[in-house]
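A.B. asks: Quick one, structure for this:
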Amino acid sequence: MSNNKPRLRPRERDAIIQSLRAGVTPRTGLQHIQVGRVKEVEALIKDIERIMDGGSSFRLTIGEFGSGKSFFMQLIRIIALEKGLVTIHADLAPDRRLHATGGQARNLYAELMRNLSTRTKPDGNALTSVVERFITEARKKAKASGHKVNVVIEKRLNHLTELVGGYDFSKVIASYWQGHKEEDEQLKIDAVRWLRGEFSTKTDARNALGVRSIVTDASVYDHLKLLSLFVRQAGYGGLLVILDEMVNIYKLSSKQARVSNYEQILRILNDCLQGSAEYIGFLFGGTPEFLLDPRKGLYSYEALQSRLAENAFAKSAGVIDYTSPTLHLASLLPEELYVLLGNLRHVYASGDPEQYLVPDEALVAFLKHCSQKIGDAYFRTPRNTIKAFVDLLAVLDQSDSLKWDQLIDNVEIDKEVNTDMPMVATESAEEDELATFRL
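C.D. replies: Take a look at the predicted model:
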């Protein structure tokens, strides 16, 4: 196996190994272990380029538990950051949804804002940096044109006022500049709090910033569209919104709650497909049942089923349509998993081939053992295979007396199981599907 691979910094190496041993996606260093799915990555790169050109995109990434959805989406996030986009990401949960009336949608928005990232701040909490960059750009324009900064800010944000919530959004940015100019830190803090959706009452927002609206459950999507235009004005390529664990919508026990969330997805899908959204893309991750279940999944909502249905011509020809809104992640091939294990070995050794803990034949023996234990699941849903291999390396690293061929037959590999949350009850009894029951 070729050793023409880069060395890793200890911090990066440790972050990757710790994440994989815990069965979660690493936040950094994905380029060191990524294999396969070239066509899927190329399709998403085209989406990113479309966003940068002023367009929009919508993608559903569908795959089984443990198939690598989160890894794939994290990889796309890193690519988007490298290309100059702003990214926001969150996992859906019982208290974080696209649509709600009890604050769950605003909770999702707040989580997205906490995870707002740029190329220079890839780990989140970059909202203030984005606003500061906008102010810096406005000051440069003002200096070049001879106009006042507040006039330039008003002019650059003028088109936002035509959108829902745009007037107050522009006013909050102007308040941030005022705080910057007058060295009023509290005013700057209040402006960022408003942008993050942290004001819970309109009265507090009016007293602090003189605006009449706040981010509510009903206005989350409108604020995301405003944010996409704002980051463009700040000098970024656009906004990529990444939402994982969409299956939590599928698990809502209330039909009304599910339908309301599906209607919000339909609204986003229509805006993106019809071109009425600009400089924004959505990447959602879910399981096959979240999409295909005719009783509770997206296919239970007829308007979504017609838009997300598989390309019949591609299906009959036995090929994949990578331009479809729905992207079904192909399973890794056994050969690709072999390369992946080689990459993991390289990462564990911090990129030093002299420090490899196992030879190439150990990789073959390990994959053969996995195949005997759980069949083709070892490459179809490889999360547990990866975790077990890294655990094996950890044991060998700590004991010089042990040999890999003594341990492999004792490695336990479990099939991937659904570790997601159980069915979620909604907060309102009025939304229950079962109205009455009588014997």
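
A.B. asks: For Y167, which non-adjacent residue is closest in space?
C.D. replies: T161 (4.7 Å; Cβ to Cβ, 6 or more residues apart in numbering). (C-beta placed from N, C-alpha, C; glycine too.)

A.B. asks: shaky segments in this protein?
C.D. replies: 1-4, 374, 376-381, 412-439 (pLDDT under 70).

A.B. asks: Repeat the analysis, applying 50 as the threshold.
C.D. replies: 419, 421, 427-435 (pLDDT under 50).

A.B. asks: per the record, what domains does it have?
C.D. replies: The chain is divided into the following domains under automatic domain parsing: 1-36+332-413, 37-330.

A.B. asks: can you pull out the strands in the stretch 51-200 of the chain?
C.D. replies: Along the stretch 51-200 of the chain, the segments classed as strands by DSSP state E, counting those that start in this stretch run 56-62, 86-91.

A.B. asks: As a check, name the ranges of all helices in the stretch 101-250 of the chain.
C.D. replies: Using DSSP state H, counting those that start in this stretch, the helices of the stretch 101-250 of the chain run over residues 104-114, 127-145, 149-156, 166-182, 185-195, 202-209, 220-233, 247-250.

A.B. asks: repeat for the stretch 251-400 of the chain
C.D. replies: Secondary structure of the stretch 251-400 of the chain (DSSP H, counting those that start in this stretch): helices at 255-274, 288-292, 302-308, 312-317, 334-348, 360-374, 377-380, 383-398.

A.B. asks: what angle separates the last one from helix 360-374?
C.D. replies: When you say that, I think you mean helix 383-398. 140 degrees (axes from the mean of the first three to the mean of the last three Cα atoms, to 10 degrees).

A.B. asks: From the contact counts, what lies against helix 383-398?
C.D. replies: Contacts defined by 3 or more Cβ pairs under 8 Å, 6 or more residues apart in numbering; DSSP states H and E place helix 383-398 against helix 10-21, helix 334-348, helix 360-374, helix 404-407.

A.B. asks: Tell me what the residue nearest to the spatial centre of the chain is bridged to.
C.D. replies: Among the residues of the chain, the one closest to the centroid is I242, at 3.0 Å (Cα atoms, centre = their mean). For I242, the beta-bridge partners are H89, L283 (DSSP bridges).

A.B. asks: Would you mind finding the most buried of the domains of the chain?
C.D. replies: Greatest average neighbour count among those goes to domain 37-330 (a mean of 18), per mean count of other Cβ atoms under 10 Å.

A.B. asks: As a markdown table, the helices of the stretch 101-250 of the chain with distance to L393 would be great.
C.D. replies: Below are those laid out as a markdown table (distance: least, Cβ to Cβ, whole Å):
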| stretch | distance to L393 |
| --- | --- |
| helix 104-114 | 34 |
| helix 127-145 | 38 |
| helix 149-156 | 53 |
| helix 166-182 | 49 |
| helix 185-195 | 44 |
| helix 202-209 | 53 |
| helix 220-233 | 41 |
| helix 247-250 | 31 |
